[in-house]
Structures are given as C-alpha cells and as structure tokens.
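only the shape, not the letters, is given here:
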C-alpha cells in the first residue's frame with residue numbers, strides 16, 4: 001500500500017464524517033421548507049453550523065457554508081471589494097506567495113472590475129514584510145478596499161503573525177480577510193477573540209475568514225466563510241438568499257453534517273495531534289538533511305534555530321505538518337515520479353497547480369532562483385501518518401535523488417551541447 005504524504009492537498013475522510021454524511025443522506029427534506037421534514041433538515045443543518053462555528057470561535061449566524069475554500073475566498077475578496085468600491089476604495093493589499101484562489105481572484109478583479117492590486121513582498125522565510133505592509137496601509141488609506149492574506153502558507157508552511165497584520169489594518173480602518181484553509185485543524189482559531197484583541201475602528205480589522213472541510217477530514221466540496229455581523233459584502237450567487245442574503249442556494253445538509261463531525265474531532269484532538277506531528281516532522285527534516293546534505297529547507301527552521309535575533313519565535317512559525325525542501329541539481333517533478341514509483345506519494349507544491357510545469361511562485365516571492373523553485377518537494381503529514389511512513393520516505397529518497405540528479409545533469413549537458 002502506498003505511503004501517503006500529501007495531506008496538504010487533501011487528507012483522508014474521517015470515519016465519523018462518513019457516518020454523519022450517510023446518516024444525513026437518509027433524511028428527506030429541504031431545510032427551507034416549513035413542513036416537518038423541512039424543519040427536521042433545518043435543525044440538522046443548524047446544529048452542524050453551530051458545531052463548526054464552535055471550532056472557529058464565531059457565532060453560528062456568522063458562518064456562511066460554501067462549496068469549499070475557493071468559493072469562500074472568492075466571496076470574501078470579491079464581496080468586500082465590490083462593497084467598498086461604492087465609496088471609492090479600489091486598492092487590494094495582497095502578500096506575494098498567496099494561494100491561487102486568492103491570486104487569480106484579485107487578478108480577475110484587476111482585469112475586469114477596476115481593482116488596483118498592491119503586492120506586499122515576503123522575506124526569505126516567507127513572512128510578510130511588515131514594514132512594507134505598514135507603508136502601504138499608511139499611504140492613501142481611504143483608497144484601500146481590503147487586506148487579504150494566507151495565514152499558513154500551503155507550500156512552505158510559514159505561519160504569518162496574523163494578529164499583528166490585523167492590528168495594523170484595524171488601526172487605519174481597513175477590513176481584513178484571512179485565508180485559513182491551511183491553518184484550520186493545525187492552529188487554534190478564535191475569530192471573536194482575534195477581533196477583540198486587535199479591534200481599533202468599527203467595520204475594520206478582521207471581518208472574514210475562509211476554511212475548507214477536506215483539509216481536516218471532511219468531504220471535498222464543503223467549506224465556510226466566517227463573516228462578521230457588521231461586514232457588508234456583495235454576493236456572488238443570487239436567488240433565494242438562504243444565508244444572510246450573502247449566499248443563495250439550497251443548503252447541503254449532509255455535507256454540513258460531515259463537515260461538523262470532522263471539525264469537532266479535529267478541534268478536540270488538535271493539541272495532541274500537533275505534538276505528535278511536530279515530532280514526526282522534525283525527524284523527517286533531520287532525516288532528509290542526513291540523506292541529502294545539500295537539500296535546503298524552505299521556510300522557518302524548527303530544527304536548526306539560530307540563537308539571538310529580534311524575533312526568536314519565528315523558528316516555531318511553521319505548520320507542524322509541513323516539510324518543504326529544494327534539491328539542487330534536479331527537478332521536483334522527477335523526484336516526485338521516482339518516489340511515487342517507489343510507493344511514496346508527495347507533491348511539488350499546491351495541488352491546484354499540479355501538472356503545470358512552472359517554478360513555485362511562492363519560492364520566487366521568497367527570493368529563490370527559478371532553478372531552486374523548480375526543484376521543490378513538499379512532504380506533508382496528517383492524522384494517518386506514522387513513524388513507518390517517515391521511515392519509508394527516508395529510505396526511498398536517496399536513490400530517487402541520485403536518479404533525478406543524473407537526469408538533471410544529462411539535461412543540462414544536452415542543453416549546453418545544443419548551444
């Protein structure tokens with residue numbers, strides 16, 4: 001049986017989620033109907049909404065259920081932009097290295113809706129350059145529609161200082177959306193608490209947060225947008241207004257029930273899983289360095305913390321499930337295929353860009369070269385990961401790397417000969 005180490009792409013559905021989904025499917029009734037079957041469905045739906053909301057630190061009424069993280073991100077960014085544009089705010093502040101759900105959304109708004117996208121640089125470890133963000137926020141503040149950022153990077157695992165970013169935006173009256181899809185299940189999320197701790201001006205600071213079910217053991221095709229009561233967004237979908245007039249459409253009770261089951265379990269076990277996965281991740285990182293000494297870890301280094309520095313906590317600002325390396329002299333795709341042939345499944349980056357032979361935009365944003373960005377491998381752990389999985393990966397890596405390096409050398413020699 002293959003060793004699965006691509007949990008950042010999706011993680012196996014929890015048995016509890018499958019059971020909740022199949023049980024809900026046996027119940028007839030549209031939750032918008034007023035007869036008994038409809039009201040039973042509504043009770044099941046609202047119970048699920050409240051349970052998910054509990055794991056996010058928000059009220060049930062604030063949780064808009066969606067078809068996944070991508071829709072939630074689109075609704076937050078487009079909806080906030082369209083609403084704020086009515087008062088002349090057209091600038092969107094976006095860090096480089098975001099997920100394509102955000103990148104493609106803001107670029108579409110720039111092409112078709114008059115948005116002015118301002119890219120905030122990252123440093124070499126993938127952190128947002130706070131000085132650059134602050135400078136952008138202080139310049140012509142009234143023209144800023146929103147700030148959106150990825151809390152935990154889906155490729156290199158860097159965890160942004162979310163409350164510092166929110167507080168900066170709140171201090172000048174700018175609303176913030178957080179893409180928490182990769183953070184959910186790994187970091188404690190307290191929407192209300194974060195708003196309270198960073199509050200400054202009304203209708204500013206944290207107003208929206210996106211999550212997805214399939215990253216935490218729920219079904220693919222379910223997600224949510226936490227939207228504060230005081231936020232105003234223009235909807236993407238019209239026709240019924242079932243969820244606060246923000247999202248229309250008959251609500252999927254079964255998907256919500258499965259999402260709630262996964263969220264409840266992931267939330268209850270988050271702390272213990274974090275400790276277990278941290279140990280596996282650090283052993284994996286150390287093992288890669290021993291097997292391939294010239295491999296370079298991308299993002300914060302939890303194993304090789306350097307003493308001193310102004311922000312000593314940054315070494316810990318890495319997802320417990322993520323190990324991301326570049327392997328000089330070979331292509332990440334080659335390594336992936338060779339490892340797959342050896343029975344170990346990993347990735348080169350975001351699954352949303354899988355199959356497209358382009359260097360990682362995240363690594364380029366971090367200042368790495370195109371060669372480096374094309375030699376990346378992302379290994380991500382999850383609930384089913386074990387010591388044996390890490391052992392299998394480390395056992396397969398040296399031979400795969402040697403073969404990929406020979407292929408890379410042959411390609412370079414052929415290219416030089418052609419000149």
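Noted; the coordinates are in hand. Computed from a predicted structure; not experimentally measured.

wait, what's in contact with the residue lying closest to residue 288 once chain neighbours are set aside?
Nearest residue to residue 288, sequence neighbours excluded (Cβ to Cβ, 6 or more residues apart in numbering): residue 295, at 5.4 Å. For glycine as for every other residue, the C-beta is placed from the backbone atoms N, C-alpha and C. Counting by Cβ atoms under 8 Å, 6 or more residues apart in numbering, residue 295 makes contact with 288-289, 325-328.

among those residues, which one lies nearest to residue 250?
Comparing those against residue 250 with Cβ to Cβ places residue 325 closest, at 45.0 Å.

the closest one - that's part of a strand, no?
Yes. Judged by DSSP: H, G, I helix; E, B strand; the rest coil, residue 325 forms part of a strand.

OK, contacts around it?
288, 292, 295-298, 376-377, 379.

okay if I get the residues you listed as a markdown table plus secondary structure, distance to residue 358 and pLDDT?
Output for these, formatted as a markdown table (DSSP: H, G, I helix; E, B strand; the rest coil; distance: Cβ to Cβ, whole Å; pLDDT from 0 to 100):
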| residue | secondary structure | distance to residue 358 | pLDDT |
| --- | --- | --- | --- |
| 288 | helix | 24 | 98 |
| 292 | coil | 24 | 97 |
| 295 | coil | 21 | 97 |
| 296 | strand | 20 | 97 |
| 297 | strand | 22 | 97 |
| 298 | coil | 16 | 97 |
| 376 | strand | 11 | 96 |
| 377 | strand | 15 | 97 |
| 379 | strand | 20 | 98 |
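
with these in mind, which one is nearest to residue 70?
residue 376 (22.5 Å).

that closest one contacts residue 346, correct?
No. Counting by Cβ atoms under 8 Å, residue 346 is not a contact partner of residue 376; they are 10.4 Å apart.

so which of the contacts of residue 325 wins on neighbours?
residue 298 (29 neighbours; other Cβ atoms under 10 Å).

is it true that that one touches residue 377?
No. In this structure, residue 298 is not within contact of residue 377 by Cβ under 8 Å, at 9.7 Å.

need the residues touching each of the two.
Contacts common to residue 298 and residue 377, judged by Cβ under 8 Å, 6+ apart, are 324-326.

dump these into CSV; add pLDDT and distance to residue 240 as well.
Converted to CSV, those look like this (pLDDT from 0 to 100; distance: Cβ to Cβ, whole Å):
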residue, pLDDT, distance to residue 240
324, 98, 43
325, 98, 48
326, 97, 48
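
quick one: the strands in the stretch 101-250 of the chain?
Counting by DSSP state E, counting those that start in this stretch, one finds strands in the stretch 101-250 of the chain at the ranges 116-120, 144-150, 175-179, 205-212, 223-227.

who's residue 118 bridged to?
residue 93 (DSSP bridges).

count the residues that sit near it.
So residue 118, with other Cβ under 10 Å, has 18 neighbours.

and for the one 10 residues further on?
Other residues near residue 128 come to 24 when the count uses other Cβ under 10 Å.

which ones are touching it?
Contacts of residue 128 by Cβ under 8 Å, 6+ apart are 95, 120, 122, 149, 160-161, 165.

for it, give its distance to residue 93.
10 Å (Cβ to Cβ, to the nearest Å).

next: residue 153.
17 Å.

between the two, who's got more neighbours?
For residue 153 versus residue 93, neighbours defined as other Cβ under 10 Å are more numerous around residue 153 (31 against 25).

for the nearest residue to that one once chain neighbours are set aside, which residues are in contact?
Excluding the flanking residues, the one nearest residue 153 by Cβ to Cβ, 6+ apart is residue 126, at 5.5 Å. Residue 126 makes contact with 97, 153, 156, 158, 298-300, 362, 365-366, according to Cβ under 8 Å, 6+ apart.
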